[in-house]
Every structure is written in C-alpha cells, then in structure tokens.
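*Asks:* with the sequence up front, the predicted model follows.
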Amino acid sequence: MGKLQPIQRACCVCHRVQQGEGWVRPAMVPEHTTLITHTYCPECFHRALARLHPPATPPRPAALVLACG
Ligand SMILES: [Zn+2]
C-alpha cells in the first residue's frame with residue numbers, strides 16, 4: 001500500500017477548504033491533496049442551523065381565530 005493521502009475538508013456551501021484553523025478559497029489548497037470530504041465551515045454551519053431552527057415567531061392573528069373558533 002502507498003502512503004495515505006491527506007483528506008481535505010471542503011465546505012459544501014461556500015466551497016472554501018479547511019487549512020489549519022481557518023477556511024480558505026480552493027485555489028490555496030496544496031497540490032498533493034487529492035481526497036476531499038464535504039462538510040460545513042463554521043459560518044455556513046451556523047447559517048444552516050438558523051434556517052433549520054428559526055427564532056420562534058408569534059402565531060398570526062388568523063391562526064388564533066381558527067384555533068379559538
Ligand atoms: Zn462555508
């Protein structure tokens with residue numbers, strides 16, 4: 001078996017790749033990197049989470065009427 005290839009993590013939303021502690025544009029990926037796994041970068045992760053769990057909004061007046069009727 002050959003030497004294991006490093007696995008590069010790439011954001012599935014903004015397509016930046018993880019480099020050490022930060023996330024950079026794909027043009028800065030070292031050339032020897034061939035394996036890529038997709039994930040969320042911290043910013044896109046928080047955006048996706050906010051979409052899945054939006055802040056609670058009060059019910060609309062029409063919904064209240066239906067619920068009481
Ligand atoms: Zn991202």
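*Replies:* Arrived safely, thanks for sending.

*Asks:* could you report the distance from the spatially most central residue of the chain to the ion?
*Replies:* Centrality entry for the chain: nearest residue to the mean C-alpha point is Tyr40, 2.8 Å, by Cα atoms, centre = their mean. Shown here: Tyr40 relative to the ion, a distance of 6 Å by Cβ to the ion, to the nearest Å. The C-beta positions use only the backbone N, C-alpha and C, and glycine is treated the same way.

*Asks:* dump the residue contacts of that residue.
*Replies:* 11-13, 48 (Cβ atoms under 8 Å, 6 or more residues apart in numbering).

*Asks:* farthest-separated two in the residues you listed?
*Replies:* Using Cβ to Cβ, those span at most 10.5 Å, a distance reached by Cys11 and Ala48.

*Asks:* of the two, which one has the most company?
*Replies:* Cys11 (19 against 13; other Cβ atoms under 10 Å).

*Asks:* how much space is there between the more buried one and the ion?
*Replies:* 3 Å.

*Asks:* nearest spatial neighbour of that residue, chain-adjacent residues omitted?
*Replies:* Cys41 (4.0 Å; Cβ to Cβ, 6 or more residues apart in numbering).

*Asks:* quick check: which element contains His38?
*Replies:* Here His38 sits within strand 35-39, counting by DSSP states H and E.

*Asks:* contact partners of that strand?
*Replies:* So strand 35-39 is contacted by 5-12, 17 (Cβ under 8 Å, 6+ apart).

*Asks:* mind listing what's buried along the helix or strand where Phe45 lies?
*Replies:* Here Phe45 sits within helix 42-52, counting by DSSP H and E. Within helix 42-52, the residues that qualify as buried by neighbour count (16 or more other Cβ atoms under 10 Å) are Cys44.

*Asks:* okay, angle between it and strand 35-39 too, please.
*Replies:* Interaxial angle of helix 42-52 relative to strand 35-39 (axes from the mean of the first three to the mean of the last three Cα atoms, to 10 degrees): 40 degrees.
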